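Peer 1: Need the 3D shape of this:
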Amino acid sequence: MSASVDPSRYQTLVFDCDGVVLDSNRVKTRAFYEAALPYGEAAAQRLVDYHVSHGGISRYKKFALFLEEMVDGRQGPGLDSLLDAYATEVRAGLMACEIAPGLDQLRQVTRESRWLIVSGGDQEELREIFHARGISSHFDGGIFGSPDTKDEILAREMGRGNISGSALFLGDSTYDHQASSQAGLDFVFVSAWTEVPGWDTWCREQGIASVESLQQLL
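Peer 2: So this is what the prediction gives:
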């Protein structure tokens, strides 16, 4: 169901990065495939399928599982080499992909709210990219990512009082919904760049509010 949400009534807004703030889901899906390709096309596609169905999980866990369960005994690059190949591919894409339309305007109408990024992406990479693209100052509550999980980040930042009062999580994956629900945050699904198949049916069955993009919140 389409959401009618007033973001300015929330004291804290928590954003996923990929598919919500940046149009980067396809960048990362392609990077997983290219990094895993030395193990063959079938293995690389298995990693992509797992990645798409487990959005929001860190690259560290995905590549570790890939080496444990998806390579059919083939020899190839180790974990560190896979992570390096992925990071190289991803960085170029993150610097070039589209930033969510309306992000600056949304910051203006919610200037009394604290903003955080809680992502499955690498934390240091996120901070570097957001700074380079000129949007890091929007997120006065901090930019957080892996190797910590979203569950760990939310629990830690709530314990610190960095997430307080009424709080809304804007995400585009089933894991985003799971993590925000467990933390007691309201949730809105952002659909325009999601890779969740059948997201509209899932949202309707779960009674989850959705918007096409952040611009729809203005």
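
Peer 1: tell me which element residue 62 falls in.
Peer 2: helix 59-69 (DSSP states H and E).

Peer 1: Helix or strand next in line after that helix, which one?
Peer 2: Using DSSP H and E, the helix or strand that directly follows helix 59-69 along the chain is helix 79-96.

Peer 1: Kindly list the longest strand within this protein.
Peer 2: strand 114-122 (DSSP state E).

Peer 1: Please identify the buried residues of the helix holding residue 62?
Peer 2: For helix 59-69, burial by neighbour count (16 or more other C-beta atoms under 10 Å) applies to 59, 62-63, 66-67. No exception for glycine: its C-beta is placed from N, CA and C like everyone else's.

Peer 1: Relative to the longest strand of the chain, what are the paired strands and their orientations?
Peer 2: strand 12-15 (parallel), strand 142-146 (parallel) (DSSP bridges).

Peer 1: Just say which of these is most tucked in.
Peer 2: strand 12-15 (a mean of 25; mean count of other C-beta atoms under 10 Å).

Peer 1: which residues touch that one?
Peer 2: 7, 21, 110, 113-118, 139, 141, 154, 163-171, 180, 185 (C-beta atoms under 8 Å, 6 or more residues apart in numbering).

Peer 1: average pLDDT across it?
Peer 2: Mean pLDDT, computed over strand 12-15, is 98.

Peer 1: Could you point out which residue ranges in this structure have low pLDDT?
Peer 2: Under the criterion pLDDT under 70, the flagged ranges of the chain are 1-3.

Peer 1: Mind doing that once more with 90?
Peer 2: Flagging of the chain using pLDDT under 90 yields the residue ranges 1-5, 52-61, 72-73, 92, 120-122, 146-147, 195, 197.

Peer 1: What segments of it are helices?
Peer 2: Counting by DSSP state H, the segments of the chain that form helices are 25-36, 41-53, 59-69, 79-96, 103-109, 123-132, 150-159, 174-183, 199-206.

Peer 1: could I get these as JSON lines with distance to residue 189?
Peer 2: As requested, the helices of the chain are exported to JSON lines (distance: least, C-beta to C-beta, whole Å):
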{"stretch": "helix 25-36", "distance to residue 189": "14"}
{"stretch": "helix 41-53", "distance to residue 189": "16"}
{"stretch": "helix 59-69", "distance to residue 189": "22"}
{"stretch": "helix 79-96", "distance to residue 189": "22"}
{"stretch": "helix 103-109", "distance to residue 189": "16"}
{"stretch": "helix 123-132", "distance to residue 189": "21"}
{"stretch": "helix 150-159", "distance to residue 189": "15"}
{"stretch": "helix 174-183", "distance to residue 189": "7"}
{"stretch": "helix 199-206", "distance to residue 189": "5"}
